[in-house]
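Visitor: The following comprises the amino acid sequence and a computationally predicted model.
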Amino acid sequence: PLMAASQSQYLYIRLKAHQARDWTLIGSPLCLAAINLITNTDLTLEASAEATAQDVHIVNAVMIYPDLKLTDNIHLARHIPEATEEDNWASAFYLLPKPLEFKAGEKYRVSYRTSHPRPEVRVERV
């Protein structure tokens with residue numbers, strides 16, 4: 001039902017990251033933006049990053065999560081392998097309108113934009 005609902009747009013859901021632990025990952029996390037929360041008061045963000053698929057994968061969803069370095073000793077992140085059931089953080093998952101198949105070595109771009117009423121995510125071949 002979720003895939004059917006997302007066929008015309010990217011469907012946004014929130015899950016605790018540990019619930020996606022059995023999902024196949026296309027690659028390592030991508031840093032879409034580095035923001036200094038002390039000096040940057042504008043929460044508008046438009047960013048993208050390119051990567052290379054490490055293996056053959058069909059991509060159905062993209063996970064967006066914060067990776068916060070508060071001090072040299074305090075680092076908060078919720079990448080799927082590190083997440084536990086005790087974590088209180090929920091992560092944003094965007095289901096793609098149509099699954100994309102990537103071959104090993106194929107380049108792709110993930111784009112993210114904060115907007116009203118909700119953020120937008122795009123995945124495309126490069």
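Guide: Sure, I can see it.

Visitor: Where does the prediction get shaky in this protein?
Guide: Low-confidence segments of the chain (pLDDT under 70): 1-10, 77-78, 88, 116-117.

Visitor: what's the burial count for residue 97?
Guide: Per other CB atoms under 10 Å, the neighbour tally for residue 97 reads 13. All C-beta spots, glycine's among them, are computed from the backbone N, C-alpha and C.

Visitor: Tell me the secondary structure at it.
Guide: Following DSSP: H, G, I helix; E, B strand; the rest coil, residue 97 is assigned to strand.

Visitor: pretty sure residue 61 is touching residue 96, no?
Guide: Yes: at 6.5 Å, residue 61 counts as touching residue 96 under the criterion of CB atoms under 8 Å.

Visitor: Tell me the spacing between residue 69 and residue 37.
Guide: 10 Å (CB to CB, to the nearest Å).

Visitor: try residue 107
Guide: Distance from residue 107 to residue 37, by CB to CB: 31 Å.

Visitor: Which of the two has more residues huddled nearby?
Guide: Neighbour totals were compared for residue 107 and residue 37, and residue 107 leads with 12 against 9 (other CB under 10 Å).

Visitor: Leaving out chain neighbours, which residue sits closest to that one?
Guide: residue 126 (4.0 Å; CB to CB, 6 or more residues apart in numbering).
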